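Asker: Provided below for reference: sequence and predicted model.
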Amino acid sequence: MTEFLNNAFAFPTLFYTGLLILTVLYWLASSLGFADLDLSEGVEIEVPDVADTSGWLSKIKLDGIPLTISISLVIFFSWVICFIAVHYYQDKLSSNLVEIFVGLWIIILAPFISAPIVGTLLTPLKPFFNKLRESAEGRHADSLIGHLAIVRTNKVTMNFGDAEIDDEGANLILKIRAEEPNDFKRGDSVIITEYIADENTYRVRASA
């Protein structure tokens with residue numbers, strides 16, 4: 001256990017240990033309803049004057065994967081790479097200066113090694129992510145109006161809120177908004193009344 005902690009909090013693992021702790025806290029907050037989670041958000045980026053960005057994402061198989069999931073897993077695998085590197089090289093380097101130099105290069109290279117691994121592992125789930133994204137983009141928005149949804153966050157405002165809905169067997173997570181003041185909380189049932197395309201959100205009201 002002591003060796004594990006020493007490796008986890010040694011440079012360069014320490015950099016990704018910090019990011020990994022923040023990632024765990026984010027997912028914990030999302031599961032408890034304290035953060036707005038959007039699993040329908042992809043990583044397809046359009047950047048003017050940058051050549052073939054989507055093609056680069058395709059090569060590492062990260063196209064079509066939600067940003068929150070892909071970043072979280074890239075951080076995790078980067079941490080694993082740094083941890084293994086520290087375990088094998090920490091006692092073999094001749095000076096602190098060399099250790100820092102090697103560590104900086106590991107920090108830089110780790111995400112480039114991790115990203116293709118994450119893309120390969122998540123490729124079988126891309127059809128599921130695509131269905132979530134299509135629904136969130138409003139292709140099925142009209143069909144969701146009038147449906148019952150369950151609030152996932154501890155509150156629902158005009159700027160914040162998530163809800164879960166069963167759409168043909170798939171549990172979809174939607175961004176919802178509601179007029180204030182209201183008493184909505186996690187676990188409450190709401191009715192979807194409107195889809196707001198510009199914001200990619202759904203207006204809801206109380207179910208009774």
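Answerer: Sure thing, it's come through.

Asker: which residues in this protein form helices?
Answerer: If DSSP state H is used as the criterion, the helices of the chain fall at 2-8, 13-31, 53-59, 67-89, 96-122, 126-136, 141-144.

Asker: Now do residue 190 against residue 71, distance only.
Answerer: 30 Å (CB to CB, to the nearest Å). Quick note: C-beta positions are derived from backbone N, CA and C, even for glycine.

Asker: And these two? Which one has more around it.
Answerer: residue 190 (24 against 19; other CB atoms under 10 Å).

Asker: dump the residue contacts of the closest residue to that one other than its chain neighbours.
Answerer: In this structure, residue 190 finds its nearest non-sequential neighbour in residue 204, 4.0 Å apart by CB to CB, 6 or more residues apart in numbering. Residues in contact with residue 204, defined by CB atoms under 8 Å, 6 or more residues apart in numbering, are 149, 156, 161, 163, 176-178, 184, 190-193.

Asker: Looking at the residues you listed, which is nearest residue 29?
Answerer: Among the contacts of residue 204, residue 161 lies closest to residue 29 (CB to CB), at 14.3 Å.

Asker: ok, and the closest non-adjacent residue to that closest one?
Answerer: residue 176 is the one closest to residue 161 (CB to CB, 6+ apart), at 4.4 Å.

Asker: which residues does that neighbour contact?
Answerer: 149, 151, 156, 161-163, 190, 192, 201-204 are the contacts of residue 176 under CB under 8 Å, 6+ apart.

Asker: what's the distance between it and residue 96?
Answerer: 53 Å.

Asker: And for residue 159?
Answerer: In terms of CB to CB, residue 159 sits 48 Å off from residue 96.

Asker: Kindly report the same for residue 191.
Answerer: 63 Å.

Asker: Those two: which is more packed in?
Answerer: The residue with more neighbours, out of residue 191 and residue 96, is residue 191; 15 against 9, by other CB under 10 Å.

Asker: Quick check: beta-bridge partners of that one?
Answerer: Counting by DSSP bridges, residue 191 forms beta bridges with residue 148, residue 205.

Asker: just for this structure, where's the confidence low?
Answerer: Applying pLDDT under 70 to the chain picks out residues 33-59, 91, 94, 132-142, 167-170.

Asker: count of neighbours near the closest residue to residue 201 other than its chain neighbours?
Answerer: Once flanking residues are discounted, residue 201 sits nearest to residue 175: 4.4 Å by CB to CB, 6+ apart. Neighbourhood size, residue 175 [other CB under 10 Å]: 20.

Asker: I'd say residue 175 and residue 165 touch.
Answerer: No. Taking contacts as CB atoms under 8 Å, residue 175 lies outside contact range of residue 165: 11.6 Å.

Asker: which one of the helices of the chain is the most hemmed in?
Answerer: Mean neighbours per residue, mean count of other CB atoms under 10 Å, is largest over the helices of the chain for helix 67-89, with a mean of 19.

Asker: Looking at strand pairing, list the partners for the residue nearest to residue 161.
Answerer: On the basis of DSSP bridges, residue 176 is bridged to residue 202.

Asker: Look up how far residue 74 lies from it.
Answerer: With distances taken as CB to CB, residue 176 is found 29 Å from residue 74.

Asker: Against residue 98, how distant is residue 90?
Answerer: Noted for residue 90: a distance of 11 Å to residue 98, by CB to CB.
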